[in-house]
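Chemist: sequence and predicted structure, then a few things I'm wondering about:
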Amino acid sequence: KPGGLVTTLNHSEEQWDAPNGWAPLQWVGIQGLRAYGHKDLANTIATNWISTNRRVFKQTGKLMEKYNVEQAGAEGGGGEYPNQDGFGWTNGVLLKLLTSDSYLKSANKAVD
């Protein structure tokens, strides 16, 4: 999706379903694609995820637990509790992507 990997294709309004994307899924997907030689696709997903994080941060001043990856730059929603601010795995995945050599080599292509 434009903002990263969607967890499922189901639109149930539950937190693990579309349109939500979560940082750990992005990390596993990106690393798996890189390991199997699909570096361009992995970098595209990383760039899209980073861009989504940055856009929401510019709007809200915080990183979120989950994001709407179907509308890049939108917060996620649904589930049994409100979207959480400053979630640890979001912070960790974003920092790791921003500082990884694999991402940095393609980062100049990304413009928010």
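Modeler: Structure's in. What do you need? Residues are numbered from 1 along each chain as shown.

Chemist: run through this structure and note the low-pLDDT ranges.
Modeler: By pLDDT under 70, the low-scoring segments of the chain are 102-112.

Chemist: can you report phi and psi for residue 20?
Modeler: The phi/psi pair for residue 20 (degrees, to the nearest 10) reads phi -80, psi 140.

Chemist: next up, the contacts around the closest residue to it other than its chain neighbours.
Modeler: Distance criterion Cβ to Cβ, 6 or more residues apart in numbering; nearest residue to residue 20, sequence neighbours excluded, is residue 76 at 4.1 Å. No exception for glycine: its C-beta is placed from N, CA and C like everyone else's. When contacts are counted by Cβ atoms under 8 Å, 6 or more residues apart in numbering, residue 76 touches 15, 19-21, 64-68, 83.

Chemist: can those go into JSON lines with extra columns for neighbour count and distance to residue 100?
Modeler: Formatted as JSON lines, those follow (neighbours: other Cβ atoms under 10 Å; distance: Cβ to Cβ, whole Å):
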{"residue": "15", "neighbour count": "17", "distance to residue 100": "27"}
{"residue": "19", "neighbour count": "21", "distance to residue 100": "26"}
{"residue": "20", "neighbour count": "28", "distance to residue 100": "24"}
{"residue": "21", "neighbour count": "25", "distance to residue 100": "19"}
{"residue": "64", "neighbour count": "22", "distance to residue 100": "21"}
{"residue": "65", "neighbour count": "21", "distance to residue 100": "22"}
{"residue": "66", "neighbour count": "24", "distance to residue 100": "22"}
{"residue": "67", "neighbour count": "29", "distance to residue 100": "19"}
{"residue": "68", "neighbour count": "25", "distance to residue 100": "24"}
{"residue": "83", "neighbour count": "18", "distance to residue 100": "26"}
